[in-house]
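fold the following and give me the result.
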Amino acid sequence: MGALFLRDLVLSVRAGGGALVGLLFFLCVVATVPFGVGPDLALLARIGPAMVWIAVLLSTLIGLDRLFRSERDDGSLDLLKMQDEPLALIVLVKCLAHWTAYVLPLVILSPVMGLLMNVGLSGLGASFVTLLAGSPAITFIGAAGAAIAVSLPRGGLLVPILILPLSIPVLIFGVGASYAATSEIEAFLPPFLILVALTLFFAVVGPLAASLALRQGDD
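Have a look, this model is predicted:
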């Protein structure tokens, strides 16, 4: 499992791996928001956490179709299915490697992007913490979509369509917790705990659904 994690990590960051594409897309989305909204600093500060969350979500969707693509192209996907370890565990390790290479840099960069939209310190910290806790859920959801589309021609175009509706609850509670951290009315902990629960739930359901889809892809 450790070797598989390191292999996926190396493949994702080397030239053509796609991790840099997601990072550049994230920078472009956040950097263009102030130009579209205008110089209203109060408005930028109010919508900043939501825009950072949306930018991370869209940037994550870009690279999810690569989750099983290299194994399909070189034929090693069949070998992974024949391993003694459960296929769901293998998918979980691949999801963790994908999140580390593709999504974690976005989470680390999110406070810097928040500064571009005049987000306060409490909002920057809340966005970072909520993204760190909630963004893995998007990857786990995406594993199921990537497994369904891996055997289809041009299936990469289908992955965002499958994943985006299922990711809406994660987005709602992630943004809600970020706003609650800057509000004196709403409490931060309830939406944050629901966000953590969603991540733990999809950490189990996502790899299981993906393993079933990969098995069914043989038929």
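
what is the burial count for the closest residue to Tyr102 other than its chain neighbours?
Spatial nearest neighbour of Tyr102, chain neighbours left out: Gly63 (4.7 Å); criterion: Cβ to Cβ, 6 or more residues apart in numbering. Bear in mind the C-beta positions are built from the backbone N, C-alpha and C, glycine included. Neighbours of Gly63 under the rule other Cβ atoms under 10 Å: 26.

from Ala97, how far out is Gly63?
Gly63 sits 12 Å away from Ala97, going by Cβ to Cβ, to the nearest Å.

need the overlap of contacts for those two.
Ser12 (Cβ atoms under 8 Å, 6 or more residues apart in numbering).

what's near enough to touch Glu186?
176, 179-180.

ok, of the residues you listed, which come out buried?
The neighbour-count test (16 or more other Cβ atoms under 10 Å) marks 176, 179-180 as buried among these.

can you redo the residues you listed as JSON lines with secondary structure and distance to Val159?
As requested, those are arranged in JSON lines below (DSSP: H, G, I helix; E, B strand; the rest coil; distance: Cβ to Cβ, whole Å):
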{"residue": "Gly176", "secondary structure": "helix", "distance to Val159": "26"}
{"residue": "Tyr179", "secondary structure": "helix", "distance to Val159": "29"}
{"residue": "Ala180", "secondary structure": "helix", "distance to Val159": "31"}
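
about what we covered before: the residue nearest to Tyr102 against Val21, yeah?
Yes: here Gly63 reaches Val21: they are 7.1 Å apart, a contact under Cβ atoms under 8 Å.

in what helix or strand does Pro39 lie?
Under DSSP states H and E, no helix or strand contains Pro39.

show the pLDDT at it.
pLDDT, Pro39: 75.

same question for the one 10 residues further on.
pLDDT recorded at Pro49 is 88.

skip the chain neighbours and tell me the closest residue to it.
Leaving aside its sequence neighbours, Pro49 sits nearest to Ser178 (Cβ to Cβ, 6+ apart; 3.7 Å).

and that neighbour, what does it touch?
Ser178 is in contact with 49-50, 53, 123, 126-127, 130, counting by Cβ under 8 Å, 6+ apart.

distance of the nearest residue to Gly123 once chain neighbours are set aside relative to Ala126?
Spatial nearest neighbour of Gly123, excluding adjacent residues (Cβ to Cβ, 6+ apart): Thr182 at 4.8 Å. Here Thr182 is placed at a distance of 7 Å from Ala126 (Cβ to Cβ).

tell me which of these two has more neighbours.
Neighbours were counted for Thr182 and for Ala126 using other Cβ under 10 Å; Ala126 has more, 24 against 21.

phi first, then psi, for the more buried one.
Geometry field for Ala126 lists phi and psi as phi -70, psi -40, criterion degrees, to the nearest 10.
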